[in-house]
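> What follows is a predicted structure for the sequence shown.
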Amino acid sequence: MHRSVFLITFFLVSTVWAQPIPPDEGRFLQLGLAVAPGLGVQVGYVGPRSIYTIEGMSYADASPSFAGGEKSLQLSAAFGAALRLTGMLRTLGNAPLPYDLDIGLRAGPSLLFTSNETRAQKNQRFGLFLEPFFRAISAFGKRQFFFGEFGLHRPFLRAGLWFAF
């Protein structure tokens, strides 16, 4: 019994050590699809460091009527930074974690277009936003990374890939 527990533990630990580690440096293009409340895309720059990231993102979110939406289009751009929670653990303890968890904040301008707008609504298209977000990054190849993100700005749920450049 003890031998089985030892072997299972050994294989689990060796599997974790064999996994690639999310990047601590470089330049990456974050490209993803988004859902909720409509359908959208997210494209941006991420510059990861050991315990933080700097980033600039652009968002497009369409909420079409055929999907039960409000017939709107929102375009946004944001700049911000994130604190890499597991990056701090790797820095302090040299833990070879195969994923990273980021919590961050972005701010920027936004334009909202809706169908059948009144003059008052047209005058209120432009807005500024502040978005807290949470992101998980996982390595699935030597320089290939998957991300999943939840934020408070439309579109709320985003997932995609990081591409090194």
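Alright, I've got the coordinates.
> Pull out the buried positions in the longest strand seen in the chain.
What stands out as the longest strand in the chain, according to DSSP state E, is strand 99-114. Residues of strand 99-114 classed as buried under the neighbour-count rule (16 or more other CB atoms under 10 Å) are Asp100, Leu101, Asp102, Gly104, Arg106, Gly108, Ser110, Leu112. Every C-beta, even on glycine, is put in place using the N, C-alpha and C of the backbone.
> Identify the residue spatially nearest to the fifth one, adjacent ones excluded.
In this case it means Arg106. Gly80 (3.2 Å; CB to CB, 6 or more residues apart in numbering).
> pretty sure the one you found contacts Ala107?
Yes - using CB atoms under 8 Å, Gly80 is in contact with Ala107, at 6.3 Å.
> what residues are shared contacts of those two?
Counting by CB atoms under 8 Å, 6 or more residues apart in numbering, the contacts common to Gly80 and Ala107 are Glu131.
> So what pairs up with Leu75 in the strands?
Legend: beta-bridge partners of Leu75 under DSSP bridges are Ala60, Leu111.
> Report how many residues lie close to it.
Residues contacting Leu75 under the criterion other CB atoms under 10 Å number 16.
> which stretches of this structure form strands?
28-35, 39-48, 52-63, 72-84, 99-114, 126-139, 145-151, 157-164.
> The fifth one - contacts with which helices or strands?
In this case it means strand 99-114. Using 3 or more CB pairs under 8 Å, 6 or more residues apart in numbering; DSSP states H and E as the contact criterion, the elements in contact with strand 99-114 are strand 52-63, strand 72-84, helix 85-93, strand 126-139.
> and those, which one's lowest on average pLDDT?
Of all the helices and strands packed on strand 99-114, helix 85-93 carries the lowest average pLDDT, namely a mean of 83.
> tell me the angle that helix makes with strand 99-114.
Between helix 85-93 and strand 99-114, the angle comes out at 150 degrees (axes from the mean of the first three to the mean of the last three CA atoms, to 10 degrees).
> Tell me the buried residues in helix 85-93?
Thr86, Gly87, Arg90.
> and which of those is nearest to Ala36?
Within the buried residues of helix 85-93, proximity to Ala36 (CB to CB) peaks at Thr86, which comes in at 25.6 Å.
> Report the central residue of the protein.
Glu149 (3.8 Å; CA atoms, centre = their mean).
> how far away is that residue from Thr118?
Glu149 sits 34 Å away from Thr118, taking CB to CB, to the nearest Å as the criterion.
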